[in-house]
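J.: no sequence for this one, just the structure:
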């Protein structure tokens, strides 16, 4: 039987729901303000690439949660708390990926092997963290996997979602400045 994680307990409370909603609004406004600064057109590329991570995680939660592959009491939150949680995750996940992409851009400026280095970073640092987090969450019964899904499958999915922002960013960089900017007629 699954139990609420401390986050889910907080999100179920009136205060928690209000904090999640406020955090979602503030973080979303901050991301939009940062992206909309006209003098930094490459920010649109970074934000477009960065949003691919949290958006893919949300989509996976919707699909795999409905199929019973991923199981969590988080899916039973009241609608406003659930939507606030998703919007907050989208905004905070985007901010974290923007920061990661800033580091990646610095790496790419100094090494032509930046994608390879990032790949190794995913395998050496993030893969063990995903295994550890899943192990703890499963042991505490905050989540469960169904239909034969395993920690190793979840690690592969996690690494793919973490690779997605860099892949999207590289694709947008190769397409050039007209890929995400609008020119006046």
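T.: Cool, the structure landed. Bear in mind the structure is a predicted one, so any value in this text is a computation, not a measurement. Numbers count the residues shown, from 1 in each chain.
J.: could you measure the residue nearest the centre of the chain against residue 141, distance?
T.: Closest to where the C-alpha atoms of the chain average out (C-alpha atoms, centre = their mean) is residue 54, at 2.7 Å. Applying C-beta to C-beta, to the nearest Å, the value for residue 54 to residue 141 is 25 Å. The C-beta positions use only the backbone N, C-alpha and C, and glycine is treated the same way.
J.: what does residue 128 give?
T.: Residue 128 is 22 Å from residue 141, by C-beta to C-beta.
J.: Neighbour count for these two, which is higher?
T.: residue 141 (15 against 11; other C-beta atoms under 10 Å).
J.: quick one on the thing from earlier: so what's the residue nearest to the centre of the chain up against?
T.: Shown in contact with residue 54 (C-beta atoms under 8 Å, 6 or more residues apart in numbering): 89, 90, 91, 92, 93, 94, 97.
J.: Quick one: these as JSON lines, columns for secondary structure and distance to residue 157 too.
T.: Formatted as JSON lines, these follow (DSSP: H, G, I helix; E, B strand; the rest coil; distance: C-beta to C-beta, whole Å):
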{"residue": "89", "secondary structure": "helix", "distance to residue 157": "16"}
{"residue": "90", "secondary structure": "helix", "distance to residue 157": "18"}
{"residue": "91", "secondary structure": "helix", "distance to residue 157": "22"}
{"residue": "92", "secondary structure": "helix", "distance to residue 157": "20"}
{"residue": "93", "secondary structure": "helix", "distance to residue 157": "15"}
{"residue": "94", "secondary structure": "helix", "distance to residue 157": "19"}
{"residue": "97", "secondary structure": "helix", "distance to residue 157": "16"}
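J.: hang on, residue 144 is in a helix, isn't it?
T.: No - assessed with DSSP: H, G, I helix; E, B strand; the rest coil, residue 144 is strand; it does not lie in a helix.
J.: Do you know the pLDDT at it?
T.: Model confidence at residue 144, given as pLDDT, is 98.
J.: Was I right to think it contacts residue 69?
T.: No - judged on C-beta atoms under 8 Å, residue 144 makes no contact with residue 69 at a distance of 9.8 Å.
J.: Show me the shaky parts of the protein.
T.: Under the criterion pLDDT under 70, the flagged ranges of the chain are 38-39, 177-185.
J.: And the helices in it, which stretches?
T.: 6-12, 14-35, 42-67, 79-110, 114-121, 127-139, 151-175 (DSSP state H).
J.: Columns distance to residue 73 on top of the ones you listed, output as JSON lines?
T.: Converted to JSON lines, the helices of the chain look like this (distance: least, C-beta to C-beta, whole Å):
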{"stretch": "helix 6-12", "distance to residue 73": "5"}
{"stretch": "helix 14-35", "distance to residue 73": "14"}
{"stretch": "helix 42-67", "distance to residue 73": "11"}
{"stretch": "helix 79-110", "distance to residue 73": "11"}
{"stretch": "helix 114-121", "distance to residue 73": "32"}
{"stretch": "helix 127-139", "distance to residue 73": "11"}
{"stretch": "helix 151-175", "distance to residue 73": "18"}
